[in-house]
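K.L.:
how does the following fold in three dimensions:
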Amino acid sequence: MTDDDGTTAAAATGTLGYEQARDELIEVVRRLEAGGTTLEESLALWERGEELAKICRHWLKGARARLDAALARPRDGDDQG
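P.N.:
Sure thing, here's the model as predicted:
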C-alpha cells in the first residue's frame with residue numbers, strides 16, 4: 001500500500017503502534033500549544049507531529065478495513081429463515 005506522498009505504509013508505521021503514536025502526538029501538540037520553543041524546535045515538532053498523524057491514519061485505515069471485511073462476511077444463521 002502506498003500513501004499519498006509515495007511512502008509505503010510499512011515505512012510510515014515503523015515500529016510504533018497506534019496508541020504509542022497517538023500518545024506521542026498528544027505530547028507534541030501540547031508542547032506546540034505551550035509555546036516557549038525556538039522556531040527550529042517548533043518546526044521539528046510540527047514535522048514529527050505530521051509523521052505521527054500519518055501513522056495514526058494508517059492504523060485507523062487498517063482497523064476500518066478489518067471492520068468492513070468482518071461486516072461484509074455472512075454470519076452463521078443469516079441465510080436460514
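K.L.:
element containing the closest residue in space to residue 25 that isn't next to it in sequence, please.
P.N.:
By the measure of C-beta to C-beta, 6 or more residues apart in numbering, the closest residue to residue 25 outside its immediate chain neighbours is residue 52, 4.0 Å from it. The way it works is simple: take the backbone N, C-alpha and C, and place the C-beta from them, glycine included. Assigned by DSSP states H and E, residue 52 belongs to helix 39-72.
K.L.:
pLDDT averaged over that helix, what's the number?
P.N.:
Helix 39-72 shows a mean pLDDT of 97.
K.L.:
that one packs against which elements?
P.N.:
Contacts defined by 3 or more C-beta pairs under 8 Å, 6 or more residues apart in numbering; DSSP states H and E place helix 39-72 against helix 9-13, helix 18-34.
K.L.:
relative to helix 18-34, how tilted is that helix?
P.N.:
Angle of helix 39-72 versus helix 18-34, following axes from the mean of the first three to the mean of the last three C-alpha atoms, to 10 degrees, is 140 degrees.
K.L.:
what distance do you get for residue 31 to residue 44?
P.N.:
Distance from residue 31 to residue 44, counting by C-beta to C-beta, to the nearest Å: 10 Å.
K.L.:
looking at these two, which is more packed in?
P.N.:
residue 31 (16 against 13; other C-beta atoms under 10 Å).
K.L.:
does that one touch residue 46 like I think?
P.N.:
No: using C-beta atoms under 8 Å as the test, residue 31 is too far from residue 46 to be in contact (10.4 Å).
K.L.:
spatially central residue in this structure, please.
P.N.:
The C-alpha lying nearest the average C-alpha coordinate of the chain belongs to residue 56 (C-alpha atoms, centre = their mean; 0.9 Å).
K.L.:
who touches that one in this structure?
P.N.:
Residue 56 sits next to 18, 21-22, 25 when contact means C-beta atoms under 8 Å, 6 or more residues apart in numbering.
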